[in-house]
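model this:
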Amino acid sequence: MSNFIMSKDVTKKPLPNKYQQDAFILDDQQIFPMCLMPPEQHYPSVEALVCDMTDYQNTRKYENIDSIPRMTIPEGSFDKVRSGSSYVLIPGGVDYSFLFRGQGAYYPNCRPTLWRVNKSDMDVFICYLKVAEFELMLRQFPLVSYFESQSYHVDYEGLAQHYGLETAILDFTLDLNVALFFAMCDIVDDEYHPKTDDGKTYIGYLYVIFSHGYCQSMGINCPILFKEKLVPIGQQPFKRPGTQKGFSLKMQKDEPLYGYLYSFSYTAEDSRTIFKRYNCGKSLWTDDPIIKSTAFIRNTNVFSYEAVALATKRYRKLNECFSCNRMVKKLKAEGYKIVGKSKLPWYMSIPKTPLTSVEREDIERKIFFQTTYSEGKAFDKDLRIVTESDMLRLFHGSFDAPIGYESGIDFLIGKEQGTSVQSIRFCSNKLPAKPNDEGKIQLDWQKTGQQAPRTNHFIPIYEFKPKVCYVPNGVIPQ
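Got it, this is the predicted structure:
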């Protein structure tokens with residue numbers, strides 16, 4: 001369990017309601033079981049799911065919260081946010097607390113492509129080698145050079161995932177409707193198609209993860225969103241991750257996915273509607289100049305010496321006994337051919353012409369840059385500011401949890417050095433629900449005929465200076 005603490009004197013309030021869970025006292029803390037997203041369930045239609053999810057998200061919109069500065073990003077733009085020595089270009093959205101993943105079928109283990117079947121160490125290395133070759137290929141493009149010259153982060157592994165290479169990344173999106181597209185449409189020969197059986201009721205699945213559950217702690221007093229483990233791919237030199245408002249979750253072999261799972265019924269007409277919404281899939285599954293070269297890398301057994309050197313250095317933990325030269329010998333013994341990169345087909349086919357001013361302007365007009373002012377000084381917006389403003393919205397945008405449902409999230413009122421504090425406690429290893437024999441998510445709380453409450457008896461904070469910190473084991477310091 002982990003806590004985020006917001007300093008503010010508060011007043012306790014009773015919780016009368018026949019459906020909501022009552023607050024309770026534990027170790028001098030008043031605990032409110034809450035839901036920041038709907039309790040896991042099966043929805044009878046995609047419309048019902050969208051309506052419910054939107055209700056929860058809309059409570060966290062900036063215009064509903066007077067105490068939070070207006071920082072809404074224009075639709076279709078990307079927020080330029082400092083992360084270390086570079087900038088990440090994060091898709092604009094309602095809030096960053098929850099990310100979505102749509103699937104057309106349920107799998108007991110939701111894993112990245114690299115870990116879906118057992119692979120030998122050599123097979124795993126070959127996947128990493130293809131990602132390295134892909135990176136070397138991208139670095140030849142003037143567009144990529146321009147991005148890096150502007151200190152924009154180029155996520156090579158995230159791009160590799162979006163263009164069909166096997167990686168240790170699981171895709172998520174900030175946009176609910178993008179996730180529903182992938183849940184309700186099928187991919188055949190690298191093209192998406194809608195469902196066609198009008199007489200059938202289909203079941204789709206929606207995973208939702210709590211971004212703060214994957215925070216990287218930069219010291220006990222500074223949890224930061226989107227560092228290392230869960231990161232925005234966002235706007236990149238090539239369009240696909242940006243159009244999908246993409247984020248990537250890096251996972252280890254056999255690592256479980258934590259979060260929430262919902263199921264929903266839909267029809268072929270629903271599938272066709274969302275298919276048309278995204279221009280028959282072309283708005284999301286964009287046709288970029290790297291597609292053919294990536295297909296070659298995905299299917300080849302010929303690699304460059306440069307890619308072997310990069311993969312050996314980057315993934316040495318998999319090959320601790322091998323230098324680059326020894327790995328080249330081992331690859332050749334396994335039947336792979338190793339050549340200089342200039343002899344590979346993709347190398348000669350890439351245009352080396354520098355970007356025109358029109359092309360540069362087309363990139364920059366989608367980037368929304370904000371400057372933060374504190375004590376008369378100007379600062380670039382950074383991930384710490386994103387984290388803190390996102391946490392503020394959570395305190396204002398939640399509902400009481402229904403009886404019998406464990407969301408893994410509690411709001412607390414306690415004391416820190418004699419001062420009343422409010423905090424959010426979350427279970428960082430909350431596993432998604434599992435469907436029943438009919439493929440539907442139906443938990444005990446829903447079987448009793450309850451309706452998810454639309455009440456919030458946790459008192460929001462309106463004027464305060466936040467203190468956001470990570471507390472091990474979910475205990476507020478006394």
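
how far does stretch 249-262 sit from its chain's centre?
11 Å (Cα atoms, centre = their mean, to the nearest Å).

same question for stretch 278-292.
Remark: stretch 278-292 is offset 21 Å from the chain centroid, using Cα atoms, centre = their mean.

what's the answer for stretch 97-105, then?
Relative to its chain's centre, stretch 97-105 lies at 9 Å (Cα atoms, centre = their mean).

next one: stretch 101-111
15 Å.

do stretch 197-209 as well
Chain-centre distance of stretch 197-209: 21 Å, with Cα atoms, centre = their mean.

got the CA positions of it in PDB?
Below are the C-alpha coordinates for stretch 197-209, written out as PDB (Å, rounded to 0.1, in the frame of the first residue of the first chain):
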ATOM      1  CA  ASP A 197     -22.300 -10.700 -37.800                       C
ATOM      2  CA  ASP A 198     -25.400  -8.700 -37.200                       C
ATOM      3  CA  GLY A 199     -27.100 -11.500 -35.400                       C
ATOM      4  CA  LYS A 200     -24.400 -11.900 -32.700                       C
ATOM      5  CA  THR A 201     -23.800 -10.100 -29.400                       C
ATOM      6  CA  TYR A 202     -20.100  -9.700 -28.900                       C
ATOM      7  CA  ILE A 203     -18.200  -9.200 -25.600                       C
ATOM      8  CA  GLY A 204     -15.300  -6.800 -25.300                       C
ATOM      9  CA  TYR A 205     -12.800  -6.100 -22.500                       C
ATOM     10  CA  LEU A 206     -11.400  -2.900 -21.100                       C
ATOM     11  CA  TYR A 207      -8.400  -2.800 -18.800                       C
ATOM     12  CA  VAL A 208      -7.900   0.400 -16.800                       C
ATOM     13  CA  ILE A 209      -4.700   1.000 -14.800                       C
END
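
give me the residues contacting it.
Outside stretch 197-209, the residues that touch it by Cβ atoms under 8 Å, 6 or more residues apart in numbering are 37, 46, 49, 98-106, 110, 172, 176, 179-180, 183-184, 195, 230, 249, 257-269, 271, 432, 435, 439-440. Using the backbone N, CA and C atoms, a C-beta is placed for each residue, glycine as well.

please flag which of those sit within helices.
If you go by DSSP state H, the contacts of stretch 197-209 have 46, 49, 176, 179-180, 183-184, 268-269, 271 in helices.

out of those, what pair is the most spread apart?
Within the ones in helices among the contacts of stretch 197-209, two members stand farthest from each other by Cβ to Cβ: Leu176 and Ala268, at 20.6 Å.

the more surrounded of these two?
Taking neighbours as other Cβ atoms under 10 Å, Leu176 and Ala268 compare with Leu176 leading, 21 against 17.

residues contacting the more buried one?
50, 53-54, 57, 100, 206.

switch to 6 Å and redo it
Neighbour list for Leu176: 53, 100 [criterion: Cβ atoms under 6 Å, 6 or more residues apart in numbering].

so Leu165 touches Lys130, yeah?
Yes - in terms of Cβ atoms under 6 Å, Leu165 counts as a neighbour of Lys130; the distance is 5.4 Å.

remind me, longest helix of this structure?
Longest helix of the chain, by residue count under DSSP H: helix 121-138.

list the buried residues in the helix or strand following it.
Using DSSP states H and E, the helix or strand that follows helix 121-138 in sequence is helix 142-149. Neighbour-count burial for helix 142-149 flags 142-147 (criterion: 16 or more other Cβ atoms under 10 Å).

quick check: what element follows helix 142-149 along the chain?
With DSSP H and E, the next secondary element past helix 142-149 is helix 156-162.

buried ones in the longest helix of the chain?
124-138.

stretch 306-313 too?
306-312.

pick the one among these closest to Met348.
Glu306 (15.2 Å).

how about that closest one, nearest residue that isn't a chain neighbour?
Lys341 (5.0 Å; Cβ to Cβ, 6 or more residues apart in numbering).

and the one you found, what does it touch?
Taking Cβ under 6 Å, 6+ apart, we find Lys341 in contact with 304, 306, 347.

quick check, pLDDT for the second one.
You'll see Glu306 listed with a pLDDT of 95.

now Gly246
Listed pLDDT for Gly246 reads 93.

for it, which non-adjacent residue is closest in space?
Ile233 is the one closest to Gly246 (Cβ to Cβ, 6+ apart), at 4.1 Å.

that neighbour: how many residues sit nearby?
29.

what's the answer for Thr173, then?
Residues near Thr173, counting by other Cβ under 10 Å, number 24.

so who does it touch?
When contacts are counted by Cβ under 6 Å, 6+ apart, Thr173 touches 100, 179, 244-246.

same check on Gln150?
The contact partners of Gln150, by Cβ under 6 Å, 6+ apart, come to none.

do the same with Pro435
So Pro435 contacts 106, 263, 441 (Cβ under 6 Å, 6+ apart).

so which of the residues you listed sit within strands?
Under the assignment DSSP state E, the contacts of Pro435 contribute Ser263 to strands.

what is the nearest of the contacts of Pro435 to Trp285?
Proximity of those to Trp285 (Cβ to Cβ) peaks at Tyr106, which lies at 22.9 Å.

distance of that closest one from Val88?
Here Tyr106 is placed at a distance of 32 Å from Val88 (Cβ to Cβ, to the nearest Å).

what's the answer for Phe395, then?
25 Å.

what's the answer for Gly340, then?
33 Å.

between the two, tell me which one has more neighbours.
Taking neighbours as other Cβ under 10 Å, Gly340 and Val88 compare with Val88 leading, 24 against 10.

doesn't that one lie inside a strand?
Yes - judged by DSSP: H, G, I helix; E, B strand; the rest coil, Val88 forms part of a strand.

that one contacts Val81, doesn't it?
Yes - with contact defined as Cβ under 6 Å, Val88 reaches Val81; the gap is 5.4 Å.

can you list the strands that whichever strand or helix holds Phe303 pairs with?
Using DSSP H and E, Phe303 maps to strand 302-304. Taking DSSP bridges as the criterion, strand 302-304 forms sheet pairs with strand 337-339 (parallel).

and the strand it pairs with, how far out from the chain's middle?
Computed by Cα atoms, centre = their mean, the chain-centroid distance of strand 337-339 equals 36 Å.

helix or strand right after that strand?
Note on strand 337-339: by DSSP H and E, the next helix or strand toward the C-terminus is helix 345-349.
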